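Trainee: Here's a sequence, model it:
(2 chains)
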Amino acid sequence: MDHVWRFEAIGTVWEIGTADPLPEGERDAVREAIDDFDHTWSRFRADSLVTALSEQPQEVPTPPDAVAMLDLYRELSQATGGAVQPLVGDSLAARGYDAAYSFRDRGAMPAPADWTSLLEWDDGALVLHEPRLIDVGAIGKGRLVDVVHDLLGSLGHAERLVDAGGDLRLSGAPIRVGLEHPFDAARAIGVAIVADAALCGSAVNRRAWPGEHGGLHHVLDARTGEPVPAVAATWAIAPRAMLADAVATALFFDGGGAFAARHGVEWVRMTTDGRAEWSAGRRMEVFA
Amino acid sequence: MKLSPTARQGSALFGIAGTLLLAGCAAEASSAETTTGTPVPQTTAEASPTTTSAGSSTGSGSTYKDGTYTADGSYQTPETVEKISVSITLRGDTVTKVEVTGDPQAAETKHYQSQFIGGISAQVVGKKLDEISVSRVSGSSLTSKGFTQALAAIRNEARG
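Mentor: A predicted model of the protein is given here:
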């Protein structure tokens, strides 16, 4: 992977490593794939599908990635007792994490527990029955990493690394990835060995802001609309980035460990008091 | 795998070290500062050297004076309001110690007694990135550029 292309998109830094340089036409294809995804799923864009649906709920042709993501969300929701689900967008916005980045806390707003009856999908149609804001933050970035990884494969790049701000997927020889200490970016709490797999992480310490009754961050419990208190950072290694991303989110909640075990996913997490926990497996080491 | 009282105290807060680190650091590194009530935004980025994805530390020179910083605060859990005190020791812009004390009231969860946990350790200080051989880093410092910029803008407005 001698050639690395670095660029910014969807608010993060991307690095794409390939054995051969990416011609401009292929870079355009990658940029387009990212923009298409963002145009559909970003709740921060006025022109996105999820913004349009939140204003005017209706039936639309099923967009790409919808079935894969929403099927996984259904499983995540069951695994976490409803703590993780895609109609949490209004809950995040209520705490100030809205499209305008207002950071004005209007209090806790639980997401609708019966979300699978408000949002329905199959291969042909996606239907939202009430004005609700869809947020795919728990798995969306992982899915997009998979999309870009697969696109590069279809363009003939057998070896490729796609790294979207630390959420990455690799087809190629093993690399060592430091697990950034959530309270100190100059340190690592451990190392992951990634080979033909994906590594995703989630941490609460950066996407955080002051609320009316205490600090807030972006990992909300959908059942209460409150931020999760006990876990500071999580990482997971899985065959696909969407699944790694899903486990990294699930590990903030009860049921996350069981969900990971069911999928054979290895993980590490750090609690807010600085302790570390990890699953069985050999692909991650903690400097304990 | 029973929880010690100390561990539970910490877990009553989210990201508290991150939250209150800046509160302490903002005290011009005198002895200590006490913050009561709403914690300030968590911006550990400003409290420690940034790390490039190549895994090398770009920080040079300390931003904050070495020492121990203490802050008090409260945190709202779904069940209760937790009162806590956090003490952080900084050396060369690096957190070398985090102590959390308080009087947590929230009920214990089964979270920590999961049969799916393969290992557990007490507070992990970790290793300096330039002391370990890694080709990249996974964590929060690179994941939320837009968010961080927006929050910084809000804070500047608040100051102005």
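
Trainee: From now on I want contacts and neighbour counts done on CA atoms only, so please keep to that.
Mentor: OK.

Trainee: Quick check: phi and psi on A:Tyr73?
Mentor: phi -60, psi -40 (degrees, to the nearest 10).

Trainee: Distance-wise, check A:Ala241 relative to chain B.
Mentor: Distance of A:Ala241 to chain B, given as CA to the nearest CA, to the nearest Å: 13 Å.

Trainee: swap that for A:Ala250, please
Mentor: Distance of A:Ala250 to chain B, given as CA to the nearest CA: 12 Å.

Trainee: Contacts only, for that residue.
Mentor: Counting by CA atoms under 8 Å, 6 or more residues apart in numbering or on different chains, A:Ala250 makes contact with A:Leu76, A:Thr80, A:Val84, A:Gly256, A:Gly257, A:Phe259.

Trainee: again with A:Glu120
Mentor: With contact set as CA under 8 Å, 6+ apart, A:Glu120 has these partners: A:Leu126, A:Val127, A:Leu128.

Trainee: Count the neighbours of the closest residue to the first one other than its chain neighbours for me.
Mentor: Distances taken as CA to CA, 6 or more residues apart in numbering or on different chains place A:Thr62 nearest to A:Leu126, at 4.9 Å, with adjacent residues excluded. Residue neighbour count, defined by other CA atoms under 10 Å in any protein chain shown, stands at 15 for A:Thr62.

Trainee: quick revisit: so which of the contacts of A:Ala250 belong to strands?
Mentor: Judged by DSSP state E, strands contain none of the contacts of A:Ala250.

Trainee: restrict those residues to contacts with chain B.
Mentor: On the criterion CA under 8 Å from any CA of the partner chain, A:Gly257 are the entries of the contacts of A:Ala250 that sit beside chain B.

Trainee: Going by distance to chain B, which of the contacts of A:Ala250 wins?
Mentor: Closest approach to chain B among the contacts of A:Ala250 (CA to the nearest CA): A:Gly257, at 5.4 Å.

Trainee: Next, the contact list for the closest one, please.
Mentor: Residues near A:Gly257 by CA under 8 Å, 6+ apart: A:Ala250, A:Leu251, A:Ser279, B:Ser114, B:Phe116, B:Ile117.

Trainee: where along the stretch 51-200 of chain A do the strands fall?
Mentor: Using DSSP state E, counting those that start in this stretch, the strands of the stretch 51-200 of chain A run over A:59-61, A:119-121, A:125-128, A:160-164, A:167-171, A:175-181, A:184-194, A:197-203.

Trainee: Tell me the strands beside the first one, with direction?
Mentor: Strand A:59-61 has the following strand partners under DSSP bridges: strand A:125-128 (antiparallel).

Trainee: remind me which residues of the chain are low pLDDT?
Mentor: Since you didn't name a chain, this refers to chain A. Scanning chain A for pLDDT under 70 picks out the ranges A:205-215.

Trainee: that's the wrong chain, I wanted chain B
Mentor: Within chain B, the stretches with pLDDT under 70 are B:1-65, B:67-115, B:140-160.

Trainee: Remind me what the helix ranked longest in chain A packs against, helices and strands.
Mentor: Longest helix in chain A by number of residues (criterion: DSSP state H): helix A:24-41. Using 3 or more CA pairs under 8 Å, 6 or more residues apart in numbering or on different chains; DSSP states H and E, the elements in contact with helix A:24-41 are helix A:49-55, helix A:140-154.

Trainee: and with 10 Å instead?
Mentor: strand A:3-9, helix A:49-55, helix A:140-154 (3 or more CA pairs under 10 Å, 6 or more residues apart in numbering or on different chains; DSSP states H and E).

Trainee: Identify all contacting residues around that helix.
Mentor: Defining contact as CA atoms under 10 Å, 6 or more residues apart in numbering or on different chains, one finds that helix A:24-41 is touched by A:5, A:7-10, A:16, A:21-22, A:42, A:44-52, A:63-66, A:134-137, A:140-141, A:143-145, A:147-149, A:151-152, A:155.

Trainee: Can you narrow those down to the ones near chain B?
Mentor: Restricting these to those near chain B by CA under 10 Å from any CA of the partner chain leaves A:Glu8, A:Ala9, A:Ile10.

Trainee: Would you list the buried entries among the residues you listed?
Mentor: A:Ile10 (16 or more other CA atoms under 10 Å in any protein chain shown).

Trainee: quick one on the thing from earlier: could you identify the most distant pair in the contacts of A:Ala250?
Mentor: Greatest spatial distance among these (CA to CA): A:Val84 and A:Gly257, at 14.0 Å.

Trainee: Please report how far A:Phe183 lies from chain B.
Mentor: According to CA to the nearest CA, A:Phe183 stands 5 Å off from chain B.
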